[in-house]
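A.B. asks: Kindly generate the corresponding structure for this input.
(chains A and B)
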There are 2 protein chains.
Amino acid sequence: MSKVEDRLERLYSFERSTDLFAEAAEIIPGGIYGHFSPTLTVPGSFPYYTAKAAGCRYTDLDGNEFIDYMCGYGPMVLGYCNEEIDAAAAAQQKLADCTTHPGEVMVRLAARLVELIPTADWAFFGKNGGDMTSYAVLTARAHTNRKKIVMIRGHYHGVAPWCTALGFGGIIPEDHQHILQVNWNDLDEFEKVVRAHRGEIAGFIAQPYHHINFGDQVMPAPGYWKGIEQLCREEGIVLILDDVRATFRLSMKGSGDFFGFEPDLSCYCKAIANGYALSACVGRKELMNAASKVFFTGSFWTSQVPMAASLATLKQLERTDAVGKMRETGTLLLDGLVELGQRYGLEVTASGPPAIPFMRFTEDSDLFWQQIFCSEVTRRGSFFHPHHNWFISAAHEKKDIDETLNHAEAAIKALKKQI
Amino acid sequence: MSKVEDRLERLYSFERSTDLFAEAAEIIPGGIYGHFSPTLTVPGSFPYYTAKAAGCRYTDLDGNEFIDYMCGYGPMVLGYCNEEIDAAAAAQQKLADCTTHPGEVMVRLAARLVELIPTADWAFFGKNGGDMTSYAVLTARAHTNRKKIVMIRGHYHGVAPWCTALGFGGIIPEDHQHILQVNWNDLDEFEKVVRAHRGEIAGFIAQPYHHINFGDQVMPAPGYWKGIEQLCREEGIVLILDDVRATFRLSMKGSGDFFGFEPDLSCYCKAIANGYALSACVGRKELMNAASKVFFTGSFWTSQVPMAASLATLKQLERTDAVGKMRETGTLLLDGLVELGQRYGLEVTASGPPAIPFMRFTEDSDLFWQQIFCSEVTRRGSFFHPHHNWFISAAHEKKDIDETLNHAEAAIKALKKQI
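C.D. replies: This is a model prediction of the structure:
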């Protein structure tokens, strides 16, 4: 699309984002964190910085407004600058946040999670999702007095060396000495590994369904989780659910309940406090003694503001049936995209639960079209990530989806001109 | 001291703290994080929960008010509920906090740290101090393509398995496979280790001075840091300063500058944003490429509120010469305690920099008297930690120190009755 056409369609451009990124690249390694490093997307095709945000929308540094389908990679679940949550946080901030002791709110929040999640007899809090997956791994080792951990090839559990691939800076083969990898949805492979390492495996850790980058999401096959659970029980393996990404988007009872199995330990983060920094690990009574022997703490781990925000978030999520609403809104979006694909002769594969959706063009296995399509949608006002699953929030309304489907239609037309 | 005397002196009691702790112990592993687990202090001798906090004081769940000599274990440096910092944070919260992209504030804060700290050519941000020490270790490995890390026996760098002692839950010998430990202030031992492992050592990590638990703090011997620096340069070892605990309490230029050496990487946290959750690693240009190859991120790592709070904190720290004030206030406290010891015939050993002080009774090497003394001071209104170094803030005034010395005098009298 030429510059003249850009102007006629008033497409967004990202000069200030790009300029600040160039400044950042001088003083921040890589310039920016994660998925928008210039090695992963075409420079200038997406915004890099948020200036302000409210509801399901944000404005970037260039003044462009977007309907956001990333929700800060998940934490935002009830809308940016949600009045009720921010008021609860501000009230707690005026009393006490990060002090020498925790607050009563820590105990109240632990009690709330225990009440909410069927397999939670206790709760422990940290800051990052990765704090909790590592804490769960240590708890499994402490409980079983075994060393090995089985994980799914390609699942993301944070940035600790045990779960980061060789090839990234500083990771050494010894970091994976006791990590065994199996394929998603392959119960036979899991059984073989488990029988071959009888008495050696401390824990099995997995996300509730397969949501890798650069690919379709894959839901659990029928019987998969029940089979995993049974094998774990038979062999005395601690079953760890990494529910960080799906936190309170599939069910208020956790994704274990949603998919019909009973994890020993479950890790939460992301949407737990609508953007305030908090993570949690909950577990069954049998694991509590081992958990208490793990040495785990951090400078801000007992801060009271995120805990007060979390209590308010849980309340609003339940009161408004946010989970049901996100499922409906996500379904509208995915159905609309599939229908657009049919209309324009570019078949769309939609994947994942509607509240945490992803789509790609079926023929576009290397995601080359995806890069163009997502950038074209983004430059019209709906932020679509080209290779990471998306997130719906309860602040997304039908009218937002309609607007986005208009952006998507124009983007498909623009894509067809380019391929 | 009998209950009658308690009431005559109106000593604090901690019923509500103790009751809530009992409730917590049912649903939180260990009941509470860190130093006040019942295995480390006598139950009922210290408060467990903060209800509210302002300036250098907080009120516990029982309504007792304390002058706080822990400052949340360091994060609070300009007073709890500091108006200027909280206003900057609230203004940022109204715009945007945890969103899909970082904010301009991330670049501004990186630039500010680069300007402030002589050995900082770049900056990277996380949430925990331990995020940054692990990031530094990975950067050192990526830079050198070597595996081994030398650390000081007893230094605290967070809770990652590489730096957590065997015996804690889930830690296995393999976690320390490439960790070499040497004694603090022993340059000869370091040289021997370095020469014996030529070409194998990626990094040396240490805190700027020795501040272990359950013991005196030990400042660096003359020439120690310069000697370390020289050996690291000779052998191509990345010199990592873990400045997390001392962040902006000894010098605004970092503890490397304060002790006259030039680390390759320095880790900050604690006081960096007056209690808002943030940590940073800064480094020299030569390390930037390696740092950019390390895969490191987290759900809330680009949140804008703590970064805005940090910019405001740095501004107020500089404008008010908080470092100078904390040195003076801490000196008043330590001198006063030493003088009290002399007056009552219980010699006091004061240790550490005045802004991060510790004291114990010289004859009391097992800290038995210390438990009693600190509890007696605490029950009169000044919170003294029995086995962890203390923290002074810029919100502590001379009148607060005078009040605390009165509490300390009464506590010494009470201690003498009991020993």
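
A.B. asks: For chain A, give me the ranges with low pLDDT.
C.D. replies: Where chain A drops to pLDDT under 70, the residues are A:1-8, A:38-39.

A.B. asks: Pop the domain breakdown of it in here.
C.D. replies: Domains of chain A are assigned by automatic domain parsing as A:3-78+A:321-418, A:83-319.

A.B. asks: so where do the helices sit in chain A?
C.D. replies: Shown for chain A, the helices assigned by DSSP state H span residues A:3-9, A:15-27, A:83-95, A:104-116, A:129-144, A:187-196, A:224-235, A:254-259, A:288-293, A:304-319, A:322-343, A:368-378, A:398-418.

A.B. asks: Identify whichever of those helices lies nearest to B:L241.
C.D. replies: Of all these, helix A:15-27 sits nearest to B:L241, with 18.9 Å by C-beta to C-beta. Every C-beta, even on glycine, is put in place using the N, C-alpha and C of the backbone.

A.B. asks: is chain B contacted by the closest one?
C.D. replies: Yes: using C-beta under 8 Å from any C-beta of the partner chain, a contact is recorded between helix A:15-27 and chain B, made by A:20, A:23-24, A:26-27.

A.B. asks: out of those, which are buried?
C.D. replies: Judged by neighbour count, with 16 or more other C-beta atoms under 10 Å in any protein chain shown as the criterion, the buried members of those are A:20, A:24, A:27.

A.B. asks: wait, what's in contact with A:I171?
C.D. replies: With C-beta atoms under 8 Å, 6 or more residues apart in numbering or on different chains as the criterion, the residues that contact A:I171 are A:161, A:164-165, B:138, B:295.

A.B. asks: Now render these as CSV, adding distance to A:I372.
C.D. replies: Conversion of the contacts of A:I171 to CSV gives the following (distance: C-beta to C-beta, whole Å):
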residue, distance to A:I372
A:P161, 36
A:T164, 30
A:A165, 28
B:L138, 35
B:F295, 27
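
A.B. asks: Just the buried ones among the residues you listed, please.
C.D. replies: With neighbours counted by 16+ other C-beta under 10 Å, those contain buried members at A:161, A:164, B:138, B:295.

A.B. asks: Test my guess that the third one contacts A:G169.
C.D. replies: Yes: taking C-beta atoms under 8 Å as the definition, B:L138 is a contact partner of A:G169 at 5.9 Å.

A.B. asks: In the stretch 301-419 of chain A, what residue comes closest to chain B?
C.D. replies: Distances from the stretch 301-419 of chain A to chain B, computed as C-beta to the nearest C-beta, single out A:T302 as the nearest residue at 5.9 Å.

A.B. asks: Burial check on that residue, number of neighbours?
C.D. replies: A total of 25 residues lie near A:T302 under the criterion other C-beta atoms under 10 Å in any protein chain shown.

A.B. asks: surely it meets A:M106?
C.D. replies: Yes: taking C-beta under 8 Å as the definition, A:T302 is a contact partner of A:M106 at 6.1 Å.

A.B. asks: and for the two, which residues touch both?
C.D. replies: A:F125.

A.B. asks: follow-up on the earlier one: could you find which two of the buried ones among the contacts of A:I171 are furthest from each other?
C.D. replies: The farthest-apart pair in those, when distances are taken by C-beta to C-beta, is A:P161 and B:F295, at 9.8 Å.

A.B. asks: Need the winner for burial among the helices of chain A.
C.D. replies: Counting by mean count of other C-beta atoms under 10 Å in any protein chain shown, helix A:129-144 has the highest mean neighbour count of those, with a mean of 27.

A.B. asks: OK, contacts around A:I67?
C.D. replies: A:I67 makes contact with A:56-57, A:381-383, A:396, A:400, A:403-404, according to C-beta under 8 Å, 6+ apart.

A.B. asks: Please repeat the previous calculation with a cut-off of 7 Å.
C.D. replies: A:I67 makes contacts with A:56-57, A:381-383, A:400, A:403-404, as judged by C-beta atoms under 7 Å, 6 or more residues apart in numbering or on different chains.

A.B. asks: Those: which ones sit near chain B?
C.D. replies: Restricting the contacts of A:I67 to those within reach of chain B (C-beta under 7 Å from any C-beta of the partner chain) leaves A:F383.

A.B. asks: wait, what's in contact with A:Y73?
C.D. replies: By C-beta under 7 Å, 6+ apart, the neighbours of A:Y73 are B:100, B:299.
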